[in-house]
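Participant: this one's sequence-less:
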């Protein structure tokens, strides 16, 4: 976010320190994972005392929230920039994930023990899913209803009130789970040495979803 001329030197300094803390946090996450994130270790790297750093981030969870919020916002921006077709959304997701795997895993990897995301992060995640539901709602149904379609008719909390009708919710959910599965395995290195191109696997999964 651009800094305004109305900010005081103290406010600008605070923003700079908070930004550096986040950079150091990403370095820690890359080295040892989010569960090992330590404000005291970051303070030591920055030549500060632990209590001094806590004036900028009151807790580890506050810092994690900022990192997750930044990650979700960047994904939401990538999704908004896509043209709204399912294929475009898929490749926007893939490009975003490949650009920064640690950011991807902070959002979609193993949950950080004891951490609970605030409501505004949930709202950003819902916005991303709404874009998928919009895309699938615009496609012709062209297929018979399944038992899972009927189940989703009664379990739509995850759609956050989106008006899409069957089979759009089921197709959006299949898209989300299968493509995330392929991405998660690729980014974690599980395809290394198997001799095939993960990009072609991703394309094949997308094609098998009918897109």
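Facilitator: Nice, I can see it. Computed from a predicted structure; not experimentally measured. Numbers count the residues shown, from 1 in each chain.
Participant: Show residues contacting the top helix by length along the chain.
Facilitator: The longest helix of the chain (DSSP state H) is helix 9-32. For helix 9-32, contacts defined as C-beta atoms under 8 Å, 6 or more residues apart in numbering pick out 3, 7, 36-38, 41-42, 45-46, 53, 56-57, 63, 66-67, 70, 102-103, 106. From N, CA and C alone the C-beta is placed, and that goes for glycine too.
Participant: Beyond that helix, next helix or strand please.
Facilitator: The helix or strand immediately downstream of helix 9-32 is helix 39-45, counting by DSSP states H and E.
Participant: May I see the buried residues of that following helix?
Facilitator: Neighbour counts over helix 39-45 (16 or more other C-beta atoms under 10 Å) mark 39, 42-43 as buried.
Participant: who does that helix touch, helix- and strand-wise?
Facilitator: Contact partners of helix 39-45 among helices and strands, from 3 or more C-beta pairs under 8 Å, 6 or more residues apart in numbering; DSSP states H and E: helix 9-32, helix 50-53.
Participant: again, only using 10 Å
Facilitator: Applying 3 or more C-beta pairs under 10 Å, 6 or more residues apart in numbering; DSSP states H and E, one finds that helix 39-45 contacts helix 9-32, helix 50-53, helix 60-81.
Participant: May I see those arranged in a markdown table, with mean pLDDT, distance to residue 182 and mean neighbour count as well?
Facilitator: Formatted as a markdown table, those follow (pLDDT from 0 to 100; distance: least, C-beta to C-beta, whole Å; neighbours: other C-beta atoms under 10 Å):
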| stretch | mean pLDDT | distance to residue 182 | mean neighbour count |
| --- | --- | --- | --- |
| helix 9-32 | 93 | 22 | 14 |
| helix 50-53 | 90 | 39 | 14 |
| helix 60-81 | 93 | 17 | 17 |
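Participant: and the ones you listed as JSON lines, adding distance to residue 143?
Facilitator: Supplementary listing: these in JSON lines, determined by distance: least, C-beta to C-beta, whole Å:
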{"stretch": "helix 9-32", "distance to residue 143": "41"}
{"stretch": "helix 50-53", "distance to residue 143": "55"}
{"stretch": "helix 60-81", "distance to residue 143": "25"}
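Participant: Look up how far residue 35 lies from residue 56.
Facilitator: As judged by C-beta to C-beta, to the nearest Å, residue 56 and residue 35 stand 21 Å apart.
Participant: The two - which one has more neighbours?
Facilitator: With neighbours defined as other C-beta atoms under 10 Å, residue 56 and residue 35 compare such that residue 56 has more, 20 against 13.
Participant: Residue 50 is in contact with that one, correct?
Facilitator: No. Here residue 56 lies out of contact with residue 50, judged by C-beta atoms under 10 Å, at a distance of 11.4 Å.
Participant: For burial, what's the neighbour tally of residue 59?
Facilitator: By other C-beta under 10 Å, the residues close to residue 59 number 10.
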